[in-house]
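> need a structure here:
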Amino acid sequence: MNVTGHTTGGGGLARPASIRDVAAAAGVSYQTVSRVINEHPRVKPSTRELVLATIEDLGFRPNRAARALAGGPVESITVLTSNTTLYGQSSVLQGIEETARPAGFAVGIRVMESDDEDVVAEAVARAVEPGNALIVLAFDRGGVRALAAIPPGVPMVAAVETPVGDEGENKPWVWIDDRQAARDATRFLLGLGHRTVHYVAIPSSTDTSQRAAGWRMALEEAGVPVPEPRQAGWHPRSGYHAGRALAADPGVTAVLCGNDDLAIGVIRAMHEAGRPIPESVSVVGFDDTPQSEFFTPALTTVRLDWALVGRACVALLRPFLDPRRAPDPRPWPRPELIVRESTGPAPSHPAGAACP
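Next up is the predicted model:
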């Protein structure tokens, strides 16, 4: 692509105008220029007009994005994610690598250090390359913002939370129905005779977590009280603090946790409070991490095949990776409740309750 605008470097040689030249001339950050180029909706109209006018004046052309949008064979995949250490994300990455590398495609990872819009926009701008497809792990707000910032036409797939409605239809998205999984886990606990089920929540990419929605749905269908969810983070210490508060309530006999790490913390807090598992309190986790069956007691949990999510993402990219190949059938990972030792019948007399 020809570039008509040039600036003069320190050696006196003309060079093509860069995104930073546009930013300096317009008096904005280069991340703002990137958002304008990528047609991000959250740019003030006056700023957008200024940047576009400056681009025109300098004759700047976003070469990398233009070449990527121009098509051509895809030779590599970049995964955009905010975290590579959490079990779900790391397992999705494993599934992507296991599928893509044997097929001869290089896999790279670009970590977004925060969900700040400028940080996300810069990560997307740097990931858009000719011959490169994108996979976005949109399990948190940073991932959701990255998904929205990708220019139309760039080959991409996203692993997302369970859609609320039909917005996932005809989209290159992969998800596990964790809303239904949470509903089934809650029904299982109610079926053991527990009067209600408390929920310790992980952070969500949206205002309404679909795991929380499934838990609430099961309680409302059963006509039992719906306790206020305990908001927590991702790690055991957060579950421990939530568990200490729950342990002090003798009416708490069943707890569903947003992941297995939170369940570890809850179980520890119950142990310290003299609430044995499962005689006094039943606890269910999410994910079925490799160590969950070796806890004491072994953890009842919802098994989510995150590696299959990664493989499904690559399957959806197959038409871009090899245009001669017909698209693979989309594999839909299905959750499975794994019943172990941390759940049991509701106690006849909850902790602290007076015997008749």
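
> Helix or strand for Gly274, just tell me which one.
According to DSSP states H and E, Gly274 maps onto no helix or strand at all.

> Show me the shaky parts of the stretch 151-300 of the chain.
Applying pLDDT under 70 to the stretch 151-300 of the chain picks out residues 165-170, 205-208.

> in it, which spans are strands?
156-160, 173-174, 198-201, 230-231, 254-257, 282-287, 300-303 (DSSP state E, counting those that start in this stretch).

> List the neighbouring strands of the fifth one plus their orientation.
Paired strands of strand 254-257, with direction, are strand 198-201 (parallel), strand 282-287 (parallel) (DSSP bridges).

> just the second one next, same as before
Within its sheet, strand 173-174 is paired with strand 156-160 (parallel), according to DSSP bridges.

> Pull the residues that contact the partner strand.
Strand 156-160 has contacts (Cβ atoms under 8 Å, 6 or more residues apart in numbering) with 92, 133-139, 143-144, 147, 150, 168, 171-175, 205, 309-310, 313-314, 316-317. (C-beta placed from N, C-alpha, C; glycine too.)

> Tell me which stretches of the chain form helices.
19-26, 30-37, 45-58, 63-69, 87-100, 117-127, 141-149, 178-191, 210-222, 236-247, 260-272, 306-321 (DSSP state H).

> Ser282 is nearest to which of those?
Evaluated over those, closeness to Ser282 peaks at helix 178-191, with 6.0 Å, by Cβ to Cβ.

> What lies in contact with that closest one?
Contacts for helix 178-191 (Cβ under 8 Å, 6+ apart): 161-162, 196-197, 210-215, 217-219, 222, 224, 254, 256, 282, 284, 286, 302, 304, 335, 337, 339, 343.

> If you count neighbours, what's buried in it?
Neighbour-count burial for helix 178-191, counted by 16 or more other Cβ atoms under 10 Å, picks out 178-190.

> Let me know the angle separating it from helix 210-222.
40 degrees (axes from the mean of the first three to the mean of the last three Cα atoms, to 10 degrees).

> so how far is helix 178-191 off the chain centroid?
Centroid displacement of helix 178-191 relative to its chain, using Cα atoms, centre = their mean, to the nearest Å, is 21 Å.

> Among the contacts of strand 156-160, name the buried ones.
Buried members of the contacts of strand 156-160, counted by 16+ other Cβ under 10 Å: 92, 133-139, 143-144, 147, 150, 168, 172-175, 205, 309-310, 313-314, 316-317.

> Of all the helices of the chain, which one is nearest Ser76?
Checking those against Ser76 by Cβ to Cβ gives helix 87-100 as the closest, at 8.8 Å.

> Now do the closest one and helix 306-321, the angle between them.
Interaxial angle of helix 87-100 relative to helix 306-321 (the same axes, to 10 degrees): 40 degrees.

> Run the angle between helix 87-100 and helix 141-149 for me.
Per the same axes, to 10 degrees, the angle that helix 87-100 makes with helix 141-149 is 50 degrees.
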